[in-house]
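In: got a predicted structure plus its sequence, pasted below:
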Amino acid sequence: MQVDRVNLNDPIFNNSFYIIDELKAILKSVGLQIIRVRSTLLQPPTEEPLHFELSRKGYYKETGFVAIKLRKKLVCSSRKRT
């Protein structure tokens, strides 16, 4: 089996990883809110694929990947229009 060299300058490797509580605080501080979470990759890594796996609704700590859909919070103005 041939293994290709990994290009560490590739954008896919330029990521940050957070625990869920850190992420929630960061999102709140920039005016974003979580509206949907899906988790997948519950199988351990192997050379051979085990079986097709659907994502699960919600956050599961033991999964390998979590997708999060966000929404920008609307800011209500307290000024009265005249």
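Out: Here it is on my side, so go on.

In: CA only for contacts and neighbour counts going forward, please
Out: Will do.

In: quick one: the spatially most central residue of the chain from E48, how far?
Out: Note on the chain: the residue nearest the mean C-alpha position is A67, at 4.0 Å, using CA atoms, centre = their mean. A67 sits 24 Å away from E48, going by CA to CA, to the nearest Å.

In: I20 now?
Out: I20 is 30 Å from E48, by CA to CA.

In: which one of those two has more residues nearby?
Out: Counted by other CA atoms under 10 Å, I20 and E48 do not tie: I20 has more neighbours, with 11 against 6.

In: quickly list what A67 is bridged to.
Out: R38 (DSSP bridges).

In: that one touches V37, doesn't it?
Out: Yes: contact criterion CA atoms under 8 Å: A67 and V37 qualify, at 5.8 Å.

In: pull out the buried positions in the lowest-mean-pLDDT helix or strand in the chain.
Out: Scoring the helices and strands of the chain by mean pLDDT, DSSP states H and E places helix 20-29 at the bottom, with a mean of 90. For helix 20-29, the neighbour count (16 or more other CA atoms under 10 Å) marks L27 as buried.

In: which other helices and strands does it contact?
Out: The contact analysis (3 or more CA pairs under 8 Å, 6 or more residues apart in numbering; DSSP states H and E) places helix 20-29 against strand 32-40.

In: what angle separates the strand it packs on from helix 20-29?
Out: 150 degrees (axes from the mean of the first three to the mean of the last three CA atoms, to 10 degrees).

In: tell me the strands beside the helix or strand that strand 32-40 is followed by, with direction?
Out: Downstream of strand 32-40, the next assigned helix or strand under DSSP states H and E is strand 56-57. Strand pairing for strand 56-57, using DSSP bridges, gives strand 32-40 (antiparallel).
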